[in-house]
Each structure stands twice: as C-alpha cells, then as structure tokens.
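Colleague: My questions concern the predicted model and sequence given below.
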Amino acid sequence: MASAQVLSERGLDRIPEDYVRPPEERPEVAHDSFSHRQNIPVIDLSESRPRSQIVKEISQACEGWGFFQVLNHGVPYELLQRIMDVGAQFLSLPVHEKQLYSCRPGIAASEGYGHRMLVQENQVLDWRDYFDHHTLPLARRNINNWPGKPPIYRHTIEEYSEQMKLLAQRLLSLISESLGLKPSYIQNAIGEPYQNISLNYYPPCPEPELTLGLQSHSDLGAITLLLQDDVGGLQVCVDDTWVAVQPLHGALVVNLADQVQILSNGRYKSIEHRAVVNRNRSRISIATFYDPGREVTISPAPELLSANNPATYNSVLFGDHVSAWYNKGPKGKKVLDSLAV
C-alpha cells in the first residue's frame, strides 16, 4: 500500500479501505478548524519560579490529565524552528530519495522512513508517514541512517536529542519529587535512557472522518515530549471524552507513559491519545520518546506501597512490554492493563 503522503498527492477523492477505521474508532468531527479544542494544563518552568510551586502544578497535571504543556523549558526556540524546517525539507524530497532510508521491512520499530507502525496482517493503517531516529544511547546512534538532505539535518537531530534528554531528566526529577520520592528516583529506575525521535507527517486527507493519523494508544516508556506545528490534531482521552489539544506557540507537550504509571503504582496515568487528520492542511509533529532499556525491570516504587496501598501492578521487563505492544497492537491500554495485579 502506498504511503499516506503519496496517496494525498495523487488527489484522491476517497481513501483506500486499508486506511478506514472501524466505525467505533472514527473521530466524531473532522478536524478542519480550531473548534472543539481546549488546553491541557500549561506549566511555566522558568528558573525564577519557586520549585515547590512547579512541583505542585506538575502533581495536579499528572493526576488529573497525564498530559501538560511546558513553557520556558530551556530549549532554544531557534532549534525548535530549525528541526521543524529540516523535517519539512526532507518530507518535500522525491519519494525515491526518501525511500533510500526506508525502515527494514517486516521488523517492528526499526529505524528509518515508513508508514506502518505495526507489522501485522489485516491491520488498519494510520494516515501518517514518519521517520524514526535511534538517538540514545550513543551506541545505538548511526547518523548515516539519517537523511543527508538538507545538509544540516543530522547535526540538528543530534542537537535536538541532547536538549530533549536534558529536559526529560529535569521533568522526571520534578515528577519524582511530586510523588514524594527522591528527585533522582525515576531516572535511577530507568537507568541509561533509550531515546527515539520520530518525525511525523500527516498529509491532507479527503475523508478525515473515516481515518486516524495515529490510532489510540498510550506510550510505552517513561515520558514523551512532543513538538507540534500550529495545525493541531492531537487528542487525549479524559473521562471517556476525546479532548483536542490547542497548539501553543513555543511550547512542548509532555505526556506520561506506561512505566511512570507502574512506578507511581497507578497514582499517575499514561493517557490514551490519538491524532486526527485534516481535509485541507498537512501537519508535522516531532515526538521524543525517553524510555528504559529493554533489559530493565520496572516495578511500583516500594516507598509508595503500604498495607493500605498494596502494589496494583506486577513487575515487568520493559523489553517484554515493548514486544507485547508491537505483537498484539496497542488496543488502547490493554497491554498495560494486563499487568494489573
């Protein structure tokens, strides 16, 4: 099946059946305007603000939403603009040039350019193309696997990787503290981080009411940082209602992933989210996933457990969690739910 970008550029009136979601999974409203959006919590990370106030706001956001946006996060705005620009330049290359960097066929989560998140027969495809970069640890990084056009592409990804690592570590410290744990607790539990950076492209779609740019799921690892353009399309599921997230200039979206839900013994939640698409406009987002290594075992923090608050999740080897997610498909949060005691 051709990629979503190729199909969109052909000017089709209807999308192929491979992209049509079952009726119960289709978005209720085509995402053609800024209506039906509201902001998730917004947290100012300015160094001048009292840390105790930031910790309090993060606790409220993690308990109530599992998603929030951060401003004054320390990542240079010039870099945010530049990585979006180089991503757009790569996406504008001819198909045959992009395909030089294609993901390895039949291998889930392989690095490169692709349009199939899962490797399963009879799966419904997402209306999305992407490029997944393996950026940390450095032993995984091979910049020759990344596009050479435009010339600053590889350097920009490396620079962005470092900034995202620093921000993820800062946020995990604040999240640990908000749980009453040592600031270093979650980072120590994760160990040497594994980081992937995914460039996502959602082209215009002739039937946005029938498909999704990204199916409903929760993220696998510890924390995800998302940079998005002004088009919008991210939706989060809160109290069984899909809430569309208003893009905020200069902000990064933060969402908790499954391993923080386990570590917090369910106090903090990894929230289902999805991306809807637009009839007239394309959308670009860049997601940075900050995860444990596959050999790391994650358990509820003992400091959070008591006779009145027993463990609600079994320990899990992160590699097993990843394999189950890719083999079975996300299906919302069923993979995480299977770990419940």
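Modeller: Nice, I can see it.

Colleague: can we go C-alpha only for contacts and neighbour counts from here?
Modeller: Will do.

Colleague: buried residues in the helix or strand harbouring Ile186?
Modeller: Assigned by DSSP states H and E, Ile186 belongs to helix 185-190. Within helix 185-190, the residues scored as buried using 16 or more other C-alpha atoms under 10 Å are Tyr185, Ile186, Gln187, Ala189, Ile190.

Colleague: now swap in stretch 225-244 and tell me
Modeller: 225-229, 231-237, 242-244.

Colleague: still on that earlier bit, following the helix holding Ile186 in sequence, what is the next regular element?
Modeller: Helix 185-190 is succeeded, C-terminally, by strand 194-202 (DSSP H and E).

Colleague: and that following strand, C-alpha only, in CSV?
Modeller: What follows is strand 194-202, C-alpha atoms only, in CSV (Å, rounded to 0.1, in the frame of the first residue of the first chain):
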residue,chain,number,x,y,z
TYR,A,194,16.8,4.9,25.4
GLN,A,195,15.7,7.8,23.2
ASN,A,196,13.9,7.7,19.9
ILE,A,197,12.9,10.9,17.9
SER,A,198,10.1,10.4,15.4
LEU,A,199,9.3,13.0,12.7
ASN,A,200,5.6,12.6,11.9
TYR,A,201,3.8,13.8,8.8
TYR,A,202,0.0,13.8,8.5
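
Colleague: which one among the buried residues of stretch 225-244 gets closest to Ala301?
Modeller: Ala301 lies nearest to Leu225 out of the buried residues of stretch 225-244, by C-alpha to C-alpha, at 23.3 Å.

Colleague: and that closest one, that's in a strand?
Modeller: Yes. Using DSSP: H, G, I helix; E, B strand; the rest coil, the assignment for Leu225 is a strand.

Colleague: That one reaches Ala287, doesn't it?
Modeller: Yes. Under the criterion of C-alpha atoms under 8 Å, Leu225 makes contact with Ala287 at 5.8 Å.

Colleague: quick one on the thing from earlier: and which of the buried residues of stretch 225-244 is nearest Glu295?
Modeller: Set against Glu295, the nearest of those by C-alpha to C-alpha is Leu225 (22.9 Å).

Colleague: Please report the distance of that closest one from Asp85.
Modeller: Shown here: Leu225 relative to Asp85, a distance of 18 Å by C-alpha to C-alpha, to the nearest Å.

Colleague: Equivalent analysis for Ile175, please.
Modeller: The spacing between Ile175 and Asp85, counted by C-alpha to C-alpha, is 31 Å.

Colleague: neighbour count winner among these two?
Modeller: More neighbours surround Ile175 than the other of Ile175 and Asp85, with 27 against 15 (other C-alpha atoms under 10 Å).

Colleague: helices or strands up against the helix or strand hosting the more buried one?
Modeller: Under the criterion of DSSP H and E, Ile175 resides in helix 153-178. In terms of contacts (3 or more C-alpha pairs under 8 Å, 6 or more residues apart in numbering; DSSP states H and E), helix 153-178 is packed against helix 51-64, helix 77-91, strand 129-136, helix 185-190, strand 194-202, strand 223-228, strand 283-291.

Colleague: export these to JSON lines and tack on distance to Met1 and mean pLDDT?
Modeller: Below are these laid out as JSON lines (distance: least, C-alpha to C-alpha, whole Å; pLDDT from 0 to 100):
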{"stretch": "helix 51-64", "distance to Met1": "39", "mean pLDDT": "97"}
{"stretch": "helix 77-91", "distance to Met1": "18", "mean pLDDT": "98"}
{"stretch": "strand 129-136", "distance to Met1": "12", "mean pLDDT": "97"}
{"stretch": "helix 185-190", "distance to Met1": "38", "mean pLDDT": "98"}
{"stretch": "strand 194-202", "distance to Met1": "16", "mean pLDDT": "98"}
{"stretch": "strand 223-228", "distance to Met1": "27", "mean pLDDT": "98"}
{"stretch": "strand 283-291", "distance to Met1": "21", "mean pLDDT": "98"}
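
Colleague: Please produce JSON lines containing the ones you listed, extended by distance to Leu166.
Modeller: Shown next, in JSON lines, are those (distance: least, C-alpha to C-alpha, whole Å):
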{"stretch": "helix 51-64", "distance to Leu166": "17"}
{"stretch": "helix 77-91", "distance to Leu166": "14"}
{"stretch": "strand 129-136", "distance to Leu166": "12"}
{"stretch": "helix 185-190", "distance to Leu166": "12"}
{"stretch": "strand 194-202", "distance to Leu166": "12"}
{"stretch": "strand 223-228", "distance to Leu166": "11"}
{"stretch": "strand 283-291", "distance to Leu166": "11"}
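
Colleague: how about those, which one is nearest Lys269?
Modeller: When these are compared by C-alpha to C-alpha, helix 51-64 sits nearest Lys269, at 6.8 Å.
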